[in-house]
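Enquirer: What follows is a predicted structure for the sequence shown.
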Amino acid sequence: MLTTSERKSCKQQLSTKIGCCLLIICACFFGTTSWAQNNRALNYFVDNIGFEYHLPSKYIKSDSTEHYLPGRNSTGKYVMPISFFCQLESIDKNILIAVSFINYNGWDEKKIRQLNPNFNVNNGYKGDIANQKDTSRVNYYSASMAKQLYNADVAGYYDFFPENPYRNRYHSCQIVFLHKQDKGQIQLFYFYNSKKALEKALKNTKDMIRFLDKKTS
């Protein structure tokens with residue numbers, strides 16, 4: 001027979017265990033929901049822009065949405081915040097590829113032109129280049145090469161040296177931009193600290209993403 005104090009102690013222990021179990025359940029539930037939401041965000045761009053991709057070997061994929069504040073570039077110009085919807089980090093942690101998407105069909109051009117008559121959604125990639133690039137020139141692939149590599153109408157790359165290292169670890173970046181007329185834009189941010197690692201990554205991942213043509217009914 002338990003005494004009054006022993007019964008009270010047992011109730012307290014039981015209450016603590018129940019509380020811990022509830023916290024664990026909540027953590028698991030919200031964690032799963034968060035991942036599902038992020039996967040849905042990525043799938044939204046896959047469906048609405050129309051592209052296919054595969055995970056290159058020796059990379060770990062994360063679908064978490066991250067909002068990056070680069071600060072200023074090497075010219076001293078402030079760079080607008082960037083949202084990444086997918087990250088691929090090499091197993092040796094020498095390279096991290098962060099991916100940004102813009103769905104052109106998500107823009108209401110008529111409303112925007114009321115404020116900016118010259119707005120053209122298909123020129124959006126040019127604005128990103130002007131905002132992000134450093135003093136280095138922009139390198140464009142030939143039309144045939146852009147088509148062959150990415151099935152893109154316009155593609156190229158340029159250097160980007162943000163003031164704030166990505167994840168406090170990566171100090172340099174090369175951006176590969178892909179534009180598909182009337183469909184969307186994809187930017188691949190190759191964050192690196194070693195030029196040798198960058199060159200290797202570019203070679204090993206050049207075919208990991210590709211626009212799809214419109215389906216015919």
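Expert: Thanks, I have the structure now. These numbers were taken from a predicted model, which means no experiment stands behind them. Numbering: from 1, shown residues only.

Enquirer: What ranges does the chain have for its helices?
Expert: 4-45, 109-115, 124-132, 143-150, 195-204 (DSSP state H).

Enquirer: Who is the residue nearest the centre of the chain paired with across the strands?
Expert: With the centre of the chain defined as its mean C-alpha position, the nearest residue by C-alpha atoms, centre = their mean is F84, 2.5 Å away. Beta bridges link F84 to E66 when assigned by DSSP bridges.

Enquirer: quick one: it and D63 touch, right?
Expert: No. Counting by C-beta atoms under 8 Å, D63 is not a contact partner of F84; they are 10.2 Å apart. Where you see a C-beta, it was placed from the backbone N, CA and C, and this is true even at glycine.

Enquirer: Against P117, how distant is the residue nearest to the centre of the chain?
Expert: 32 Å (C-beta to C-beta, to the nearest Å).

Enquirer: and if you look at F177?
Expert: Counting by C-beta to C-beta - F177 and P117 are separated by 26 Å.

Enquirer: So between the two, which is more surrounded?
Expert: When neighbours are counted by other C-beta atoms under 10 Å, F177 comes out ahead of the other of F177 and P117, with 25 against 7.

Enquirer: Pairing partners for the more buried one in the sheet, please.
Expert: G156, Q187.

Enquirer: who touches it in this structure?
Expert: By C-beta atoms under 8 Å, 6 or more residues apart in numbering, F177 lies in contact with Y125, D128, I129, V154, A155, G156, Y157, Y158, Q185, I186, Q187, L188.

Enquirer: just Y68 next, same as before
Expert: P81, I82, S83, F84, A98, Y166.
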